[in-house]
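Student: task: produce atomic coordinates for the following.
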Amino acid sequence: MNINIKSIALMSSIFAIIALGELKAQTSKSPEAFLVDAKLLETNKTKIKKGDKEMTKALGELRRDADAALKNGPYTIVTKTKLPPSGDKHDYMSVGPYWWPDSTKANGLPYIRRDGVVNPERHGVKDADDLKLLGRDVKLLGMAYYFTNDEKYAQHARVLLRTWFLDKETKMNPHLKYGQAIPGVTEGRGIGIIDTKCMVDVIDGVQLIRNSKSWSEADHKELQSWFGEFLDWMLTSPIGKDEADEHNNHGVYYDLQVVSMCLFLGNKEQAKKILQEQTIPRIESQINEDGSQPHELARTKSWGYATMNLKGFFGLARLGEWAGVDLWNYQTTGGKSIKKAFEWLLPYAADEKSWTHQQIEEPIEWKNFVPTLRMSEAHYQIHRTKPLITQFEKEYKNNGISILTNSMFY
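Tutor: Now for the predicted structure:
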């Protein structure tokens, strides 16, 4: 039988291309998701391939939640019925959660503060609620795509991202001039920037679908451009500068957002500068030598704010790994550190001490400490953390996500 030499050469080339493609797939880089531990993702993905029962069960739970997210959205900022002061529905707006009408005034103005008590008016404008849901869903879908390679998750993430950030008819303008307004006092303030802390979830989710067929390089560059404008506003506007100067959890979450955006835009030097010049001084001003956090303990929901603030510091420590700044082990000359802040909270979570600080929200959500506990495992060898994680995760809503990724949602 005669064999066409050219055909053999052609087939050989095709097989070589296929083999090369498979090799590239096998040796592809870890996802550059900044808050999620890429090495852990790789390890757990390998365990799933080998049939690990715990990880396979966790993947089932992750897929269940991601499949539910496929039915959500798309969320958009332009559906609100109330117009921002600018008259442009593309401008984000929200109302300060703890501000209420003054009952001694006929028109209720100006509003007065009741710390820790949320005014239902807050939810009358849904920009803040929808943005939080967007961050949750995009990150969840990104995780599901990473572990399954199922394009349906990346496809829906793209729809959510384009609707909120990029499509002309529905996109958000890249600023927060009207965040956490106080009727009768101000149309917007720096404190409103904490509303967008879930942007770090959006960025992680995008990074997890970066190599999918559904998310193009053009999509990515367009989104980077949006975040570039938003970052510039955060760094240079009077409102942004005001939030950067806050000395409690607001300052921490400002840093978290800014550093995450710097990394997303490929500017590690700027990320490093912010961590060194802004975040490190916050450890000095926000944490006592015994590890307590005075600004958060002064709040009416002291446990919630203390754990939230530490979670923000831990997030910054994770981002610091990308920028070459070790916050995990940093301590001031007086011995203040985020490790001590963690150790100070631990005996309360372990029910070894009773929480005596003001906490108007009952019961205390001890299990909300689980993401911080999990993140601590890789850096602090504290024997009490493992049993606590096991105990809390029996009731933990996102158990599959927690086990697979050690992830936290903001």
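Student: got any ranges where the chain has weak pLDDT?
Tutor: Flagging of the chain using pLDDT under 70 yields the residue ranges 1-29, 395-399, 408.
Student: all strands for it, in order.
Tutor: Ranges of strands within the chain are 93-95, 99-100, 112-113, 178-181, based on DSSP state E.
Student: just checking, what packs against the third one?
Tutor: By that I understand strand 112-113. Contacts defined by 3 or more Cβ pairs under 8 Å, 6 or more residues apart in numbering; DSSP states H and E place strand 112-113 against strand 99-100. Using the backbone N, CA and C atoms, a C-beta is placed for each residue, glycine as well.
Student: picking that back up, dump the strands of the chain to a markdown table, plus distance to residue 164.
Tutor: Shown next, in a markdown table, are those (distance: least, Cβ to Cβ, whole Å):
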| stretch | distance to residue 164 |
| --- | --- |
| strand 93-95 | 15 |
| strand 99-100 | 26 |
| strand 112-113 | 30 |
| strand 178-181 | 16 |
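Student: closest to residue 66 out of those strands?
Tutor: Proximity to residue 66 (Cβ to Cβ) singles out strand 93-95 among the strands of the chain, at 27.6 Å.
Student: parallel or antiparallel, list what pairs with the closest one.
Tutor: Strand 93-95 pairs in its sheet with strand 178-181 (parallel), by DSSP bridges.
Student: show me the contact partners of the strand it pairs with.
Tutor: Strand 178-181 is contacted from outside by 84-86, 91-97, 187-189, 191-196, 239, using Cβ atoms under 8 Å, 6 or more residues apart in numbering.
Student: now a PyMOL select for only the buried ones of those residues.
Tutor: Of these, the buried ones go into a single PyMOL selection, burial set by 16 or more other Cβ atoms under 10 Å:
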select buried, resi 84+91+92+93+94+95+96+97+188+189+191+192+193+194+195+196+239
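Student: mind listing the helices for the stretch 1-150 of the chain?
Tutor: All helices of the stretch 1-150 of the chain, identified by DSSP state H, counting those that start in this stretch, fall at 5-26, 38-49, 53-69, 127-148.
Student: no no, the stretch 151-300 of the chain
Tutor: 151-161, 199-208, 217-236, 238-244, 249-264, 268-274, 280-286, 294-297.
Student: would CSV of these with distance to residue 104 be doable?
Tutor: Output for these, formatted as CSV (distance: least, Cβ to Cβ, whole Å):
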stretch, distance to residue 104
helix 151-161, 44
helix 199-208, 39
helix 217-236, 37
helix 238-244, 29
helix 249-264, 29
helix 268-274, 44
helix 280-286, 35
helix 294-297, 30
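Student: which among those is found nearest to residue 174?
Tutor: Closest to residue 174 of the helices of the stretch 151-300 of the chain, according to Cβ to Cβ: helix 217-236, at 3.9 Å.
Student: quick one: residue 229 from residue 173, how far?
Tutor: Residue 229 sits 9 Å away from residue 173, going by Cβ to Cβ, to the nearest Å.
Student: show me which of the two is the more surrounded one.
Tutor: Per other Cβ atoms under 10 Å, whichever of residue 229 and residue 173 has more neighbours is residue 173, with 18 against 13.
Student: mind checking how far the nearest residue to the more buried one once chain neighbours are set aside is from residue 165?
Tutor: Spatial nearest neighbour of residue 173, excluding adjacent residues (Cβ to Cβ, 6 or more residues apart in numbering): residue 90 at 4.7 Å. Distance, residue 90 to residue 165, using Cβ to Cβ: 11 Å.
Student: equivalent analysis for residue 332, please.
Tutor: Using Cβ to Cβ, residue 332 is found at 39 Å from residue 165.
Student: neighbour count for these two, which is higher?
Tutor: Between residue 332 and residue 165, counting by other Cβ under 10 Å, residue 165 is the more crowded of the two (22 against 14).
Student: show me what stretch 76-89 is in contact with.
Tutor: 90-93, 124-127, 130-131, 163-164, 169-173, 177-178, 187-188.
Student: show the end-to-end separation of it, please.
Tutor: 10 Å (Cα to Cα, to the nearest Å).
Student: and stretch 267-278, by the same measure?
Tutor: Span of stretch 267-278 from end to end, Cα to Cα: 16 Å.
Student: renumber starting at 12 from here on
Tutor: Yep, numbering from 12; the last one is stretch 278-289 now.
Student: span of stretch 222-232 from start to end?
Tutor: 14 Å.
Student: buried residues, it. List them.
Tutor: Neighbour-count burial for stretch 222-232, counted by 16+ other Cβ under 10 Å, picks out 223, 225-226, 230-231.
Student: just the closest of the residues you listed to residue 49, please.
Tutor: Distance to residue 49 across those (Cβ to Cβ) is lowest for residue 223, with 16.1 Å.
Student: which ones are touching the closest one?
Tutor: By Cβ under 8 Å, 6+ apart, the contact set of residue 223 is 156, 162, 165.
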